[in-house]
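*Asks:* Okay, here's the prediction I keep looking at, along with the sequence it came from:
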Amino acid sequence: MGKKRVWYIPMIIILFIFLLLTVALVGRNIALNQSSSDQKLEMLMKEDFQKENEQNDAVKQGEQCLYLWDSRDESSQLFHEQMPQILQDMRVDYTETDAAAGETVIFENYETVILGYTDYQTNSEQLLALADWTEAGGQLLIAQVPTAGSMYSWMSRKMGVVSTGVTYYEVSEFQVLDDLLLTGEEKVYSVSHPFASSIAVTLSDTCQVHMVTADDQKIPLVWETSMGKGHVAVVNLGHYDKEYRGIYAAAYSLLGDYCLWPVINSSAFYLDGVPFPLPSGENEYITAQYGENMDIYTFYVREWMNDLMEFSRRYDIPLTGTLQENNDGDVDPPYSSAASSNRYEYFISLLLETGGEVGLYGYNQQPLCVPGDNLKPANPEGYEGDYERDLGLMYWETARNMEKSLQEVIRFQKEIDQEQEMQVYTPPYGIISQSGISSLKNAAPQIRAVAGWYIDSGYALGQEFGVDEDGMIYTPRITSGSYVGDDQRLKAVSELTMHYVSTHAISPQDVVNPDAGAEEGWDGMLKTLEDYENWLESAAPGLRRHSGSETAAAVQRYDYLEIRNSATQQGLELTLGNFQDEAWLMLRFNQWEPDLEKGVEGGTLEQLSGNLYLLEAEQERITIHRKAES
């Protein structure tokens, strides 16, 4: 009898594995049937938009904005790295003028002016002319914190300032008082790397204050006021990094009777390097929470992935995993696989069950870079400046080797699942070079989108949402990590306001990495993810939940969109160039309200908060009716 029991045990194990795989395959087929029945947003060919471009040469309008900066001014140089991109993304037709060139500016040629330098004394003659233009009816954004001096004292009174401090004030947190930004119920946000950057001012009662310091002083940071017949908006923050773009975009939107700009309306959630070769053994952070009997392999299969599936169901989040074939650091050919296809099938079926998809992470964890790229960190502090020594990573010897590794992982994925096509690439550690992009285009033409990081991080250079000349779509991740701290919220709220987009990435390595919050334990990490999603639902309840390729499709439509608008006595007329099947725009109505009872011709208008609205365009010509004044 003992021998029979021994014979039965492996048979039972085999049957159990067979049952598990059967369930996975059934789940995969159900997921495929569900996804085929749901209408998904698909990426289009770049030629579709080019044809539209030829038919819509008339959509561009005259330059409406002048951006003044000063190349002699260090703060102005920093701000110059952000403001032109903000204006381009908002589709503002603008001219920029460097005050250092000494050219005469004719302000009457413009509707709005952005003052983007801090030295009022050196540019006093230009400032006097600017003040006269504003008081005659111009719209002015004072975007930078000025240096003290007699010209600032004179100008400050026109900005609504009653009294001003003699030193700069450190802003560690700010509080949003109204609908300036899309914040939801949470109104206080932390400032990364605070320093003495703003001026302590007291304002007149004529000013409308939108943002203050979140302390007892309540120093005004963003306000607007009348200036003669004109209008001025002021940003007294003094931080000019990329994560603050949404604040400056929102401040610009306070000018004029209304302001509109295109947005993406998409959120995506990525599992970087999943599916992946599951490690064996134990880890102290896992056993600390689950006990000595919980090994790493079992944790990822039984706890981590199951929790993420429940997380996905609770918040209706499609999970986009990006496949990693091997765990080795091999960069030399030949490239082969030691991975279990059964395990990969199981994970892919779970991703599909959420409405998500599988994308590409790589043959292993080595970024797509060759020695000739000579990578350097965006911020050299804390680095030697040597990519391989600093990160313990390796260059691929040649671009051809990179391409062979890509071809191998694509072969492996097709061996697992012929029906799924990987379309999105997430670079390991967010690092990718131009040679890596070229190798992707050559060896993996089915990859239509690259999702790196939005903000510079070490050797990973930040990307912009957009499309390059070859049609590659860039969908950078704004926030990341299984442990989501308060510092992430600032980036998130800025991009919700600027692009109405949210992209977040986590890695299975977070759970065992103390630098990523492993000491909090997986339960603690998951709690911060849930808190973050609760906040996101509060701040942007209508934000669409997408897979990675759908977010790329939304970015594609956003990037190609062209806008012409004109105000009439009845309301607002819009003409959209490169309109395909959908477009989304944010609108702020400063001087009049839309008539929601009459509705919108050619689209749907939804009030997000206060005077901020979201427009879904259903055709290329749209009419928004103006509500009659009571």
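*Replies:* Okay, I see it. Numbering: from 1, shown residues only.

*Asks:* Next, the contact list for the residue positioned nearest the centre of the chain, please.
*Replies:* Centroid-nearest residue in the chain, with C-alpha atoms, centre = their mean: I478, separated by 4.0 Å. Applying C-beta atoms under 8 Å, 6 or more residues apart in numbering to I478 gives the contacts Y454, I455, K491, A492, E495, V501, S502, T503, H504. (Each C-beta comes from the backbone N, C-alpha and C, glycine too.)

*Asks:* cool, and E495?
*Replies:* Here E495 is in contact with R245, G246, Y454, I478, V501, S502 (C-beta under 8 Å, 6+ apart).

*Asks:* tell me how far the helix or strand where it lies is from the chain's mean position?
*Replies:* Element membership of E495, judged by DSSP states H and E, is helix 487-499. Taking C-alpha atoms, centre = their mean, to the nearest Å, one finds the center of helix 487-499 at 8 Å from the center of the full chain.

*Asks:* between the contacts of I478, which is closest to G392?
*Replies:* Minimum distance to G392 across these is 22.4 Å, recorded for I455 (C-beta to C-beta).

*Asks:* Was I right to think the closest one contacts A492?
*Replies:* No - the pair I455 and A492 does not pass the contact test of C-beta atoms under 8 Å, sitting 11.5 Å apart.

*Asks:* For those two, indicate the residue with more neighbours.
*Replies:* A492 (26 against 20; other C-beta atoms under 10 Å).

*Asks:* Domains in this structure, by residue range?
*Replies:* Per automatic domain parsing, the domain ranges recorded for the chain read 62-256, 266-555, 561-625.

*Asks:* got those domains as CSV, with mean pLDDT and distance to D48 columns?
*Replies:* Listed next are the domains of the chain as CSV, based on pLDDT from 0 to 100; distance: least, C-beta to C-beta, whole Å:
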stretch, mean pLDDT, distance to D48
domain 62-256, 97, 20
domain 266-555, 96, 10
domain 561-625, 96, 7
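
*Asks:* want to try a markdown table for those domains, with distance to E47 as columns?
*Replies:* A markdown table is the format used below for those (distance: least, C-beta to C-beta, whole Å):
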| stretch | distance to E47 |
| --- | --- |
| domain 62-256 | 22 |
| domain 266-555 | 9 |
| domain 561-625 | 12 |
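
*Asks:* Show me the helices in the stretch 301-450 of the chain, by range?
*Replies:* Taking DSSP state H, counting those that start in this stretch as the test, the helices found in the stretch 301-450 of the chain are 305-315, 341-353, 387-391, 399-416, 434-443.

*Asks:* now do the same end-to-end measure for stretch 585-596.
*Replies:* 16 Å (C-alpha to C-alpha, to the nearest Å).

*Asks:* Out of the helices of the stretch 301-450 of the chain, which gets nearest to L596?
*Replies:* The nearest among the helices of the stretch 301-450 of the chain, by C-beta to C-beta, is helix 305-315 at 28.7 Å.

*Asks:* got a list of contacts for that closest one?
*Replies:* Contacts for helix 305-315 (C-beta under 8 Å, 6+ apart): 269, 271, 317-319, 347, 350, 353-354, 356, 522, 526, 529-530, 533, 537, 545.

*Asks:* Out of those residues, which sit inside strands?
*Replies:* Under the assignment DSSP state E, the contacts of helix 305-315 contribute F269, L271, L319, R545 to strands.

*Asks:* Name the nearest of these relative to A449.
*Replies:* F269 (15.0 Å).

*Asks:* Pull the contacting residues for S457.
*Replies:* S457 neighbours (C-beta under 8 Å, 6+ apart): A378, G430.

*Asks:* Kindly recompute the last result at 6 Å.
*Replies:* For S457, the contacting residues are G430, by C-beta atoms under 6 Å, 6 or more residues apart in numbering.

*Asks:* So what pairs up with N565 in the strands?
*Replies:* L574 (DSSP bridges).

*Asks:* Surely it is in contact with G571?
*Replies:* No - applying C-beta atoms under 6 Å, one finds N565 not in contact with G571, separated by 10.7 Å.

*Asks:* Count the neighbours of R588 for me.
*Replies:* 22.

*Asks:* and it, helix, strand or coil?
*Replies:* At R588, secondary structure determined by DSSP: H, G, I helix; E, B strand; the rest coil is strand.

*Asks:* Go ahead and confirm it touches L612.
*Replies:* Yes - counting by C-beta under 6 Å, R588 touches L612, with 5.3 Å between them.

*Asks:* Would you state the strands of the stretch 501-630 of the chain in chain order?
*Replies:* 501-506, 545-546, 562-567, 571-577, 583-589, 600-601, 603-609, 612-617, 621-625 (DSSP state E, counting those that start in this stretch).

*Asks:* what's the most distant pair in the ones in strands among the contacts of helix 305-315?
*Replies:* L271 and R545 (15.0 Å).

*Asks:* More neighbours: the two, which one.
*Replies:* L271 (25 against 19).

*Asks:* circling back: just name the closest of the contacts of I478 to G102, please.
*Replies:* Once C-beta to C-beta is applied, the member of the contacts of I478 that ends up nearest G102 is I455, at 35.5 Å.

*Asks:* ok, that closest one to I478 distance?
*Replies:* 8 Å (C-beta to C-beta, to the nearest Å).

*Asks:* repeat for Y459
*Replies:* Taking C-beta to C-beta, one finds Y459 at 19 Å from I478.

*Asks:* And A143, by the same measure?
*Replies:* On the measure of C-beta to C-beta, A143 and I478 end up 22 Å apart.
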